[in-house]
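**Q** After the sequence you'll find the predicted model.
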Amino acid sequence: MENIEDETIAFAALVTQQLSALGENDIEYDRDAFVVRSGDLVLNLHNIFRETRELAPPERAARVSRFVGALRTASGSEPDWTSARQALRPVLRPNSFGLDASEPGVRLIARPAFPFVDEMVAIDLPDARSIVSHRSLERWGVTVDDVFTAARENLAALAVSTNLYEPGILHFVDNGDDYFASWPLVPGWLAGSGDGARPPVAFMPDVDTLIVAPGGDELEQIFEVVEEQYADAVRPISPQGYTVGEGGTVIPLDRSPAYRHLPAVQRARCGLAVTEYDAQARILNEMVERENEFTPYDIEPAYVGGVMYGNGDNGPYTLTVWGEGVEYLLPEADYVAFCRTDDDGDLERLFEVPFHIVATLIGLTPVPDLSPHRYEIREWPSPETLAQLEAAAVAL
């Protein structure tokens, strides 16, 4: 089996071949950044590499050809700010989308929308759609806030007006022009949708789908459908449901007093956390394998801890492990399991502690600019702190 470096080199060669077939010259591959350049055209390969990794060679080549052609078209025709402003649309993407762009210029602008989900901005061109990067902001001479404000205004004009009261379930499937999955970002849109009697619940399992359902007993069945669609999606967003909170803000169901107790709600919350931390861990490990550092995070290599899914008497939960003698990039989970190796060399699980208590007793602070959050762990707790942690332990 090829290692990751061999795979990425072979993939970059495929992209280079496609660019050459389109007449591009002076093509350069930057192995450390995992980008291909040709003049002003910069192709960040991280996402398309992961999305096509499991495809058969002919299908992968076809997908790469479309990707290269679309970005080449978008790069060659990127409008100035006056023109671009009208073409901006907000889009939802999981935290891991664009995480591995190590060059400052090609990093995508993003801001938190929901837990594990970011809001980004697309340029909606006639034959292509590209995500706005910091390089675009430099060309336009505008701020991040300028871009997000313009995108939200454009979406509000595009979305079906509020007071969209219909009985039953509303199912929107995008053809590439409507940005349905972004509509809940429009202030007041979700609050004005649904059946008019029960609080509406929105689902965005992938970039092309929006489902709005009335809250109630049938949510369990909808969650099952959404979770399957999310798992099968090429470009997923979230398996969670979202509703309207105080002040009309859109919140995940696990933060709603009316829904947080439902097993399906907690299952989706935990599933999203596990999926996004797995994706982040894969990206961070690939960075270290290629570059021997967590580019662009100014920290030394450490073990990238994982998040596990658990199901106890009180429902689903997430769990991570902190082992003695290991340096970690510790993820944030519901609980931390403390472990050490016994005299026989076997792993001994000592106790489990709620994460918020661990963070307080240890004084954990997240690594800056890394989403979802991770915490740099270089030492095992002192005997005194370990005793405090054990006193706060819970039974799962």
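**A** All right, it came through fine.
**Q** buried set for stretch 328-340?
**A** 328-338 (16 or more other CB atoms under 10 Å). Placement of C-beta: from N, CA and C, glycine included.
**Q** Residue 301: which of those residues is nearest?
**A** residue 329 (9.0 Å; CB to CB).
**Q** any idea how far that closest one lies from residue 48?
**A** For residue 329, the distance to residue 48 under the criterion CB to CB, to the nearest Å works out to 25 Å.
**Q** before we move on, what about residue 361?
**A** Spatial separation of residue 361 from residue 48 under the definition CB to CB is 43 Å.
**Q** out of these two, which sits in the busier spot?
**A** Each of residue 361 and residue 48 had its neighbours counted (other CB atoms under 10 Å), and the higher figure belongs to residue 48 (19 against 16).
**Q** tell me the contacts of residue 270?
**A** Applying CB atoms under 8 Å, 6 or more residues apart in numbering, one finds that residue 270 lies in contact with 309-310, 316-318, 334.
**Q** List the residue ranges of the chain that fall below the pLDDT cut-off.
**A** By pLDDT under 70, the low-scoring segments of the chain are 1-3, 32-33, 40, 70-78, 100-105, 126-128, 161-167, 194-197, 217, 295-296.
**Q** Show me the domain layout of it.
**A** In terms of domains, the chain is parsed into 1-76, 79-158, 161-261, 271-391 (source: automatic domain parsing).
**Q** Endpoint to endpoint, the second one covers what distance?
**A** Criterion CA to CA, to the nearest Å; first-to-last residue distance in domain 79-158 is 20 Å.
**Q** Show me how far it is from its chain's centre.
**A** Between the mean C-alpha location of domain 79-158 and the chain-wide mean there is a distance of 15 Å, by CA atoms, centre = their mean, to the nearest Å.
**Q** again with the shortest one
**A** Distance of domain 1-76 from its chain centroid, counting by CA atoms, centre = their mean, is 22 Å.
**Q** Offset the numbering so it begins at 38, please.
**A** Let's use 38 as the start, then, which means that last one is domain 38-113.
**Q** quick one: residue 360 from residue 412, how far?
**A** For residue 360, the distance to residue 412 - CB to CB - is 15 Å.
**Q** In which helix or strand does residue 85 reside?
**A** helix 83-89 (DSSP states H and E).
**Q** which residues sit against that helix?
**A** For helix 83-89, with CB under 8 Å, 6+ apart as the criterion, the contacting residues are 44-45, 48, 71, 96-97, 100-101, 104, 134-138, 271-272, 319-320.
**Q** quick one: buried residues of that helix?
**A** Quick answer for helix 83-89 (16+ other CB under 10 Å): 83-87, 89.
**Q** Would you check that residue 179 makes contact with residue 118?
**A** Yes - Residue 179 is in contact with residue 118 according to CB atoms under 8 Å; the separation is 5.8 Å.
**Q** List the beta-bridge partners for residue 384.
**A** Here residue 384 sits in beta bridges with residue 378, going by DSSP bridges.
**Q** Count residues in the vicinity of it, would you?
**A** 11.
**Q** Check residue 418 too.
**A** One way to gauge burial is a neighbour count; for residue 418, by other CB under 10 Å, it gives 18.
**Q** quick one: it from residue 327, how far?
**A** 33 Å.
**Q** Residue 89 too?
**A** Distance, residue 89 to residue 327, using CB to CB: 18 Å.
**Q** If you count neighbours, what's buried in the top helix by length along the chain?
**A** With DSSP state H setting the assignment, residue counts place helix 300-328 as the longest helix in the chain. Residues of helix 300-328 classed as buried: 301-314, 316-321, 323-324, 327 (neighbour count, 16+ other CB under 10 Å).
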